[in-house]
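S.K.: Predicted model and sequence follow; I will ask about them next.
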Amino acid sequence: MKKKTKLIHGGIPSDPHTGAVSIPIYQVSTYKQDGVGNFKGYEYSRTGNPTRHALEELIKDLEGGKAGFAFGSGMAAITAVMMLFNSGDHVIMTDDVYGGSFRVMTKVLNRFGIDSTFVDTSNLENIKNAIKPNTKAIHLETPTNPLLKITDIAEVAAFAKENNLLTIVDNTFSTPYWQTPIELGADIVLHSATKYLGGHSDVVAGLVVVNSEKLATDLHFVQNSTGGVLGPQDSWLLIRGIKTLGIRMEETENNTKSIVEFLQGHPAVKKVYYPGIETHPNHAIAKKQAQGFGGMVSFDVGSEENADKLLSKVKYFTLAESLGAVESLISVPARMTHASIPKERRDELGIVDGLVRISVGLEDVEDLIEDLKQALEN
């Protein structure tokens, strides 16, 4: 199947019991057993639910893995994956990773003995230099949040296999419509499904896909044991959102190209961060490993004061956390999504106070450009 067809017909596209073309919401906690241990596929909805299972099968097919798992949030998904490791293990992480990922690694999981080192993974030498005897995995964001850096997934995955390490890729920004890391050698793919996969600002969820039966068994054990599962209503909303992912991503990309061109030519913008720009340091890698560059753009307006002026003037860009929705969103990472990262670390990475991040939506692009134009000029 082609991608747009798979979005609609992948996984379990209809209810096998009734023929319903939309998977029903199985709002149920437990299931009748014909005898002790003799149940019809489901026993308790923390362990498995038909609606959630349909979503997990769908994301498995889209990412080309062995099994999919749905969690109550993106952070719950990341935490569950990190629970595959033991006290004393070490994980290498992308340096300008999402603030929530940085926080959970440095403020929560470190208390359980899971160590982490943050490096610029777009340069393989940095990864090699960060390897320790107890390193177990390399966690990549590509593109990164918010500086849109690109890591060569195939290159890192090959190095990881040579060193018996797992490769974990957060694929939230690209989605499986543009990028499929497992095909490039990754072992685990993560999504904050709240974002593009849901696409309508109405669900909070996390998804994981693994590439082996062992990882599937191990992660299901964690999911069932810790219980951070996604409910059936939200699972159904995600299935519905994913069906239109292809047309949303294509339209978003078209809008984004025009907006990036406008921002590059505006004197109030010091720098634009977007992997689709040919002068982007890893533009060639992005073009090689993904079929699109996405709808996330960051740009520097020079100061916190300028950023605040911009935010106060925009009309169609909504000031809000999150991204990947049908409506365009705008944020200041240093004070919002990445506020949990210490200021000195943010400055070192380039997440400066004047950095603005936009998530381009599906509005008419001429309206979006005019909105940014009047806000930047005022």
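M.R.: Sure, I can see it.
S.K.: residues in contact with the nearest residue to G185 once chain neighbours are set aside?
M.R.: Distance criterion CB to CB, 6 or more residues apart in numbering; nearest residue to G185, sequence neighbours excluded, is A157 at 3.0 Å. To be clear about C-beta, it is placed using only N, CA and C from the backbone, and glycine gets the same treatment. Each residue near A157 by CB atoms under 8 Å, 6 or more residues apart in numbering is listed here: 167, 181, 184-187.
S.K.: So which residues of this protein form strands?
M.R.: Listed in chain order, the strands of the chain (DSSP state E) span 33-35, 38-39, 67-71, 90-94, 115-119, 135-141, 166-170, 188-192, 206-210, 271-273, 296-300, 318-319, 329-331, 355-359.
S.K.: follow-up on the earlier one: which one (most neighbours) among the contacts of A157?
M.R.: Within those, most neighbours by other CB atoms under 10 Å means P181, with 31 neighbours.
S.K.: could you list every residue that touches that residue?
M.R.: By CB under 8 Å, 6+ apart, the contact set of P181 is 63, 153, 157, 167, 169, 171, 189.
S.K.: Can you tell me which of those has the most neighbours?
M.R.: Neighbour tally across those (other CB under 10 Å): the maximum, 30 neighbours, falls on V169.
S.K.: The helix or strand bottoming out on mean pLDDT in the chain pairs with which strands, and in what direction?
M.R.: None of the helices or strands of the chain scores lower by mean pLDDT, DSSP states H and E than strand 38-39, at a mean of 82. Its sheet considered, strand 38-39 pairs with strand 33-35 (antiparallel) by DSSP bridges.
S.K.: tell me the average confidence for the strand it pairs with?
M.R.: Taken as a whole, strand 33-35 has an average pLDDT of 89.
S.K.: Give the buried residues for it.
M.R.: Neighbour counts over strand 33-35 (16 or more other CB atoms under 10 Å) mark no residue as buried.
S.K.: Pipe the strands of the chain into CSV and attach distance to H283 per row.
M.R.: Output for the strands of the chain, formatted as CSV (distance: least, CB to CB, whole Å):
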stretch, distance to H283
strand 33-35, 57
strand 38-39, 53
strand 67-71, 31
strand 90-94, 18
strand 115-119, 21
strand 135-141, 17
strand 166-170, 19
strand 188-192, 23
strand 206-210, 27
strand 271-273, 12
strand 296-300, 14
strand 318-319, 29
strand 329-331, 24
strand 355-359, 19
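S.K.: for the residue lying closest to Y316 once chain neighbours are set aside, what are its contacts?
M.R.: Closest residue to Y316 apart from its sequence neighbours, by CB to CB, 6+ apart: D371 at 4.5 Å. D371 sits next to 314-317 when contact means CB under 8 Å, 6+ apart.
S.K.: Quick check: can you list the domain ranges of this protein?
M.R.: According to automatic domain parsing, the chain comprises the domains 3-243, 246-377.
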